[in-house]
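Trainee: Below is the structure, and that's it, no one-letter string:
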């Protein structure tokens with residue numbers, strides 16, 4: 001019994017908190033992709049079996065509350081940027097997993113120190129800002145292109161306007177020499193699914 005207690009004290013936290021986190025993350029990241037379903041399902045069942053072994057079923061309300069709090073912390077840690085991997089390891093090495101509020105406080109401190117020393121925190125913030133700016137610019141460009149296309153359509157397809165256009169080159173009404181697809185083949189209109197497109 002003494003040997004068992006010693007082993008439990010030495011390896012107890014490693015086999016529990018860290019391993020529970022790793023198994024839960026593996027379950028969270030598990031994806032079938034090109035795997036055959038039977039192989040995928042075997043992996044899925046194996047991970048859940050290991051989790052159930054690490055966290056045996058219980059009706060003890062205190063243990064259930066503790067696990068619920070742990071699950072919140074695990075979910076937060078799994079969602080963190082890889083820049084926080086050292087902090088995650090530090091948190092999981094603790095004798096007892098801190099509650100969510102304490103973990104948030106540690107993350108805030110780490111974020112401040114990463115930014116303070118010009119580490120990954122500053123890069124993280126800059127990368128996030130750059131991504132937001134890029135998305136906004138892409139959306140803006142898309143909106144402008146859509147507005148331009150709508151304006152062009154309305155310009156050329158207003159009732160009566162198109163019929164009043166006449167091409168001096170091909171002698172066909174509906175367009176002008178500048179938009180003549182005989183002179184400018186790339187402007188030849190194509191009709192797909194009842195919609196007007198330009199190649």
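Mentor: Cool, the structure landed. Owing to the predicted nature of the structure, the values given are computational and were not obtained by experimental measurement. Numbers count the residues shown, from 1 in each chain.
Trainee: Verify the stated contact: residue 91 with residue 100.
Mentor: No. With contacts counted by C-beta atoms under 8 Å, residue 91 stays clear of residue 100, the gap being 11.2 Å. In short, each C-beta sits where N, CA and C put it, glycine included.
Trainee: Please tell me how far the nearest residue to residue 35 once chain neighbours are set aside sits from residue 98.
Mentor: Nearest residue to residue 35 in three dimensions, chain neighbours excluded: residue 43, at 7.7 Å (C-beta to C-beta, 6 or more residues apart in numbering). Distance, residue 43 to residue 98, by C-beta to C-beta, to the nearest Å: 31 Å.
Trainee: I'd say residue 78 and residue 25 touch.
Mentor: Yes. Look at residue 78 against residue 25 with C-beta under 8 Å: they come within range, at 5.3 Å.
Trainee: Can you check the pLDDT for residue 140?
Mentor: We have a pLDDT of 60 for residue 140.
Trainee: The one 3 residues further on now?
Mentor: The confidence metric pLDDT takes the value 56 at residue 143.
Trainee: Can you pull the domain assignment for the protein?
Mentor: Domain assignment of the chain by automatic domain parsing yields the ranges 1-57, 159-199.
Trainee: mean pLDDT lowest for which of the ones you listed?
Mentor: Lowest mean pLDDT within the domains of the chain: domain 159-199, at a mean of 69.
Trainee: in the chain, which spans are helices?
Mentor: 2-13, 19-29, 37-54, 61-79, 85-92, 100-116, 120-157, 161-164 (DSSP state H).
Trainee: Can you check the distance spanned by stretch 56-66, start to finish?
Mentor: 13 Å (C-alpha to C-alpha, to the nearest Å).
Trainee: follow-up on the earlier one: residue 91 and residue 100: who's more crowded?
Mentor: Each of residue 91 and residue 100 has its neighbours counted (other C-beta atoms under 10 Å); residue 91 has more, 21 against 15.
Trainee: Tell me the spacing between the more buried one and residue 182.
Mentor: 72 Å.
Trainee: now do residue 46
Mentor: From residue 46 to residue 182 the distance is 68 Å (C-beta to C-beta).
Trainee: Without its sequence neighbours, what residue ends up closest to residue 103?
Mentor: Residue 103's closest residue in space is residue 73 (C-beta to C-beta, 6+ apart), at 5.3 Å.
Trainee: Wait, that neighbour touches residue 104, no?
Mentor: No. In this structure, residue 73 is not within contact of residue 104 by C-beta under 8 Å, at 9.4 Å.
Trainee: quick one, which of these two is more surrounded?
Mentor: residue 73 (21 against 13).
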